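[1] Pasted the sequence and its predicted model underneath.
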Amino acid sequence: MAFPGFTAADFKVFDLEGFAPRMGAIKGRIRPKLEAAGRDLVRDVTRLGGAPAFAHVAKHMRRTVTPPDDTWVAFAADRRGYKKHCHFKVAVSRNAVRFLFEAGPEHANKRRWVAAWKKHAPKLVPVFRRARGLAWFKNEHDERPTAALAELSAEEIAHLADGLTRTRDGQLVLGRMIGADEAARWKAADYARAARETFGVLAPLYRLK
């Protein structure tokens, strides 16, 4: 199927108590939509990234007791997985849909990537600050951003990547959040447009080596 968008009932899946009920609803109701979104967007990510991209829908295999508060489809230039690479993500949770760029704790070469970011930051940061709705998320699972990039100085944005190497769990997460009430009214084309616009602005980070 083509991605149909999320409904108000989809967001309420994350209100379900207990591991089995919520995971069952995620698998049966949310995951097929994320798989469809992956198929619909993978060509765009391939074009933006300049290399074949692959969609990876979260399986939450490590969870056995506590149900997840969000789930997602991630895009990276590796058929085997995304966590060791910079990646894009469409994530859904109780109160939001997020379109994200991430360099995470399992990135294969965080120090080299941070050095590349600092080299290119003077040209990229002004573009990010002007982008509509773009924000910094302290953690990949946060529904709401910590700060809008338009409210941060160029120097502050340039230093955000330092968090990637400061701690073992360091990460850099930038993107756009759409509240559940608004997202539930969107059509499939609205999701595709938001993903392309957000990923397009952040594509230089995805391509950094």
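    Perfect, thanks for sending it.

[2] In contact with residue 86, which residues?
    Residues near residue 86 by C-beta atoms under 8 Å, 6 or more residues apart in numbering: 76, 101-103, 107, 113, 205-206, 208. C-beta coordinates here come from the backbone N, C-alpha and C atoms, glycine included.

[3] Out of those, which sit inside strands?
    Using DSSP state E, the members of the contacts of residue 86 that fall in strands are 76, 101-103.

[4] out of the residues you listed, who has the most neighbours?
    residue 102 (27 neighbours; other C-beta atoms under 10 Å).

[5] helices or strands next to the helix or strand of the chain with the lowest mean pLDDT in the packing?
    Here the helix or strand of the chain ranked lowest by mean pLDDT, DSSP states H and E is helix 163-166, holding a mean of 91. For helix 163-166, the helices and strands in contact under the criterion 3 or more C-beta pairs under 8 Å, 6 or more residues apart in numbering; DSSP states H and E are helix 110-130.

[6] Buried residues, the helix it packs on. List them.
    110, 113-114, 116-117, 121, 124-125, 128-129 (16 or more other C-beta atoms under 10 Å).

[7] re the thing from before, listing partners with orientation, what would you give for the helix or strand following the least confident helix or strand of the chain?
    Downstream of helix 163-166, the next assigned helix or strand under DSSP states H and E is strand 172-179. Strand 172-179 has the following sheet partners, assigned by DSSP bridges: strand 96-103 (antiparallel), strand 135-137 (antiparallel).

[8] Relative to residue 27, which of those strands is closest?
    Among the strands paired with strand 172-179, the nearest to residue 27 by C-beta to C-beta is strand 96-103 (18.7 Å).

[9] what angle separates that closest one from helix 110-130?
    Counting by axes from the mean of the first three to the mean of the last three C-alpha atoms, to 10 degrees, strand 96-103 lies at 130 degrees to helix 110-130.

[10] Using CSV, write out the CA atom coordinates for strand 96-103.
    Taking C-alpha atoms only, strand 96-103 is exported to CSV below (Å, rounded to 0.1, in the frame of the first residue of the first chain):
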residue,chain,number,x,y,z
ALA,A,96,3.8,14.2,17.5
VAL,A,97,5.3,13.2,14.2
ARG,A,98,9.0,14.1,13.8
PHE,A,99,11.1,14.4,10.7
LEU,A,100,14.7,14.1,11.9
PHE,A,101,18.3,13.9,11.0
GLU,A,102,20.4,12.0,13.5
ALA,A,103,24.0,11.2,14.1
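
[11] Identify all contacting residues around that strand.
    6, 74, 86-92, 110, 113, 137, 140, 143-144, 161, 164, 171-180, 183, 191, 194-195, 198-199, 202, 205-206.

[12] This protein: helices as residue ranges?
    For the chain, applying DSSP state H gives helices covering 8-12, 19-25, 31-49, 110-130, 154-160, 163-166, 180-183, 188-207.
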